[in-house]
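A.B. asks: sequence-free structure coming up:
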């Protein structure tokens, strides 16, 4: 906590300022207001401009950041973002597509600049701890402001549901990394009791790698599995599902969910109309969700990419995720970080499949997911460079010994 504000630099202050400002200006908007440039939108535009300016400044100033952007999975996300901007040429709303692509690029550059800045001043585990403290800061800021504005109790189901995007993405970092109690008692309970089917699926998928790891986490995974099987055997599958995944619904099945199946079908039908190029980043997605005025996204980042940027854009996005999976299992990473990062990538991928986030505009799980993805890229690059420096040092020492022996 002592280093939380003192080491972040300009990128960190902009990110912290965004959390506070977004909590103050956030509100429920109808579909008809989605493209309106009101005071709230103007503030978000200003924040994106500040993020872009700071990101570009650090790109020119920091060689490590340039390596990160052009020699890591982030390279493919940058390519995807540039393609998103290109879709403005044929978009149904070129201005909207261009701005949303600029916004994505701006925050990608800022997060990359922030983590590069931090890794040069802190250890890897201190950087991870800083990110988790940021998550806590983001969660608590939004909880207190929402409580004051809407009268939502600080400790309630409404709070848990509202903060699911800000907490569940960090679940495995908070669970597996040795961090303070404050982080764990805020992030883990909100994630577990968020009533988010997508989050539960992501957490379940992220737990699978633990079974292949030796030590206590394999034992915990096996014991948890045994308890779940006993509960299912004693109570019955239907009752367990109704009290967990389908909590609050009248039945079990796709027709009893929040309607994602219907919006997914509409998105696929829309994508078929222009499969290769799409209908414009974000703007094409607006054409799908206008049928459901309560939605601001198709709740699937890959579908958002397909509708807005076509198969070409979808390829770049998928390749980014593929490269991210390989980075999370890099030979340069310590074993404990491999399992943590791999589980986190699985969780991020499931979030992308069921929530607004990566692949769409900066909304929902986008920022937490990109923050964790960028962390993985930065840490993998750090250990790779350390391995290279060690190898180079050993080779230089070997050459020196050979020279001395000859003399």
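C.D. replies: Okay, I see it. Since we're looking at a predicted model, the values are computed, not measured.

A.B. asks: and the host helix or strand of residue 98, how far out from the chain's middle?
C.D. replies: Using DSSP states H and E, residue 98 falls within helix 94-119. Offset of helix 94-119 from its chain centre (Cα atoms, centre = their mean, to the nearest Å): 13 Å.

A.B. asks: Report the mean per-residue pLDDT for it.
C.D. replies: If you average the pLDDT over helix 94-119, you get 97.

A.B. asks: now the angle between helix 94-119 and the helix or strand just after it, please.
C.D. replies: The first helix or strand that comes after helix 94-119 along the chain, using DSSP H and E, is helix 124-150. For helix 124-150 against helix 94-119, the angle by axes from the mean of the first three to the mean of the last three Cα atoms, to 10 degrees is 130 degrees.

A.B. asks: list the helices and strands helix 124-150 packs on?
C.D. replies: Counting contacts by 3 or more Cβ pairs under 8 Å, 6 or more residues apart in numbering; DSSP states H and E, helix 124-150 packs against helix 9-25, helix 94-119, helix 157-162, helix 164-167, helix 171-176, helix 181-192, helix 366-406. For every residue, glycine as well, the C-beta is placed using N, CA and C.

A.B. asks: Give me the average confidence score over the shortest one.
C.D. replies: It stands for helix 164-167. Across helix 164-167, the average pLDDT comes to 87.

A.B. asks: Give me the contact list for that helix.
C.D. replies: 135, 138-139, 142, 186-187, 190-191, 194-196, 199, 355, 364-365, 368 (Cβ atoms under 8 Å, 6 or more residues apart in numbering).

A.B. asks: and of the residues you listed, the nearest to residue 178?
C.D. replies: Distance to residue 178 across these (Cβ to Cβ) is lowest for residue 187, with 14.1 Å.

A.B. asks: That closest one and residue 134, how far apart?
C.D. replies: To residue 134, residue 187 is 11 Å away according to Cβ to Cβ, to the nearest Å.

A.B. asks: between those two, who's got more neighbours?
C.D. replies: residue 187 (25 against 20; other Cβ atoms under 10 Å).

A.B. asks: Hmm, residue 67 is touching residue 380, no?
C.D. replies: No. With contacts counted by Cβ atoms under 8 Å, residue 67 stays clear of residue 380, the gap being 11.7 Å.

A.B. asks: Can you pick out the residue with more neighbours from these two?
C.D. replies: Per other Cβ under 10 Å, whichever of residue 67 and residue 380 has more neighbours is residue 380, with 25 against 14.

A.B. asks: From residue 308, how far off is that one?
C.D. replies: 29 Å.

A.B. asks: same thing with residue 140?
C.D. replies: Taking Cβ to Cβ, one finds residue 140 at 34 Å from residue 308.

A.B. asks: higher neighbour count, these two?
C.D. replies: A side-by-side neighbour count of residue 140 and residue 308, using other Cβ under 10 Å, places residue 308 first with 37 against 17.

A.B. asks: Return the per-residue confidence for that one.
C.D. replies: On pLDDT, residue 308 comes in at 95.

A.B. asks: Now it: which helix or strand?
C.D. replies: Taking DSSP H and E as the criterion, residue 308 maps to helix 301-328.

A.B. asks: tell me what that helix is packed against?
C.D. replies: Helix 301-328 packs on helix 74-86, helix 260-272, helix 283-289, helix 335-354, helix 366-406, going by 3+ Cβ pairs under 8 Å, 6+ apart.

A.B. asks: out of those helices, deepest packed?
C.D. replies: Highest mean neighbour count of those: helix 283-289, a mean of 24 (counted as mean count of other Cβ atoms under 10 Å).

A.B. asks: Report all helices and strands that that one contacts.
C.D. replies: Applying 3+ Cβ pairs under 8 Å, 6+ apart, one finds that helix 283-289 contacts helix 94-119, helix 260-272, helix 301-328.

A.B. asks: export these to a markdown table and tack on distance to residue 227?
C.D. replies: Converted to a markdown table, those look like this (distance: least, Cβ to Cβ, whole Å):
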| stretch | distance to residue 227 |
| --- | --- |
| helix 94-119 | 37 |
| helix 260-272 | 29 |
| helix 301-328 | 28 |
